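Novice: Generate coordinates for the sequence data below:
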Amino acid sequence: MTPTIPGFEYRRVAVDGGVALNVAVGGAGRPVVLLHGFPQTHLMWRHVAADLAAEHTVIVPDLRGYGGSDKPAADYSKRTMAADVVALATELGHDRFALAGHDRGALVAFRTGLDHPGRVSHLAILDVLPTLDMWDVLHGASAAVAFHLYLMAQPPGLPERMIAGSAEEFFGYFLDQWGADPDAIPADVRAEYLRACAAAVPSIVADYRASAGVDVEHDTADRAAGRTLAMPVTVVQQDWGAALGFDAAGLWRAWAPDLRHVTTTAGHFMAEADPAAIAAELRDLLRR
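Specialist: Numbering: from 1, shown residues only. As a prediction, this is how the structure comes out:
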């Protein structure tokens, strides 16, 4: 049986372009949208979502191209994926919502905040840098920690074939290497992540390929125009700067004037390894 978030209702919601997203909705109150990362699905938020549902309407979709959502052949710019989020909230009856994203979902959340500032009341980012800054700091030997970014940035064909040929090993590698607590992702959830990712190789690669192309163009234009995030922002991430020699908080502050920047030792999969701390950070953010 496919794991679910207990107590949440599942539905499919059509967004722009006829793409349907798989989404879990639970709780009642001010809405909070939670966007998952790689190589995961909406299930990564299962603990945090259940916690927040005591006070909030919690909306937990699979991103386009991932999990149970539709997987169109093209258009995985974060601008398009951000429009999905706004359309989803609108379809569910919410004009304004708080938004949190992890990893790939954090890039979508970042773009949503920039493109739709009137819709996003508060923004939380987990363990990522903005795309433009990510490419700036990952160079030389330090780029080895992100080899998958370079692999999936290649033209269509080879990356898809290579990953599909060893999908379980490829996606399982990141689940093993990036986690601080091997017990944070139980066997049934891990199996669902691997199954879902193996079924979505072309769209996952397309998502990453966009981050080496059109997403850079959008970030570059925003930086040149001096656009920043207008809402309160909390960033929680591992201490990448100390390891790779850059000021992560400073990079984020250039985009988010109203910033709380926090480091964690819970590893990349922090919402599963330390959900109480992440839920507490989100509640603190919503009080700002």
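Novice: the helices in the stretch 51-200 of the chain, which residues?
Specialist: Using DSSP state H, counting those that start in this stretch, the helices of the stretch 51-200 of the chain run over 78-91, 104-115, 131-137, 147-152, 158-165, 167-177, 187-198.
Novice: Check which residues of the fourth one are buried.
Specialist: When you say that, I think you mean helix 147-152. Buried residues in helix 147-152, counted by 16 or more other C-beta atoms under 10 Å: 148-149, 152. (Each C-beta comes from the backbone N, C-alpha and C, glycine too.)
Novice: which non-adjacent residue is nearest the most centrally placed residue in the chain?
Specialist: Central residue of the chain (C-alpha atoms, centre = their mean): residue 105, 1.5 Å from the mean position. What sits nearest to residue 105 in space, not counting adjacent residues and going by C-beta to C-beta, 6 or more residues apart in numbering, is residue 35, at 2.9 Å.
Novice: The one you found contacts residue 97, correct?
Specialist: No. Counting by C-beta atoms under 8 Å, residue 35 stays clear of residue 97, with 11.6 Å between them.
Novice: out of these two, which sits in the busier spot?
Specialist: Neighbour totals were compared for residue 35 and residue 97, and residue 35 leads with 31 against 23 (other C-beta atoms under 10 Å).
Novice: could the buried residues of helix 147-152 be laid out in TSV, adding pLDDT and distance to residue 193?
Specialist: Output for the buried residues of helix 147-152, formatted as TSV (pLDDT from 0 to 100; distance: C-beta to C-beta, whole Å):
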residue	pLDDT	distance to residue 193
148	97	15
149	97	19
152	98	17
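Novice: List just the nearest of these to residue 186.
Specialist: Ranked by distance to residue 186 (C-beta to C-beta), these are led by residue 148 at 24.1 Å.
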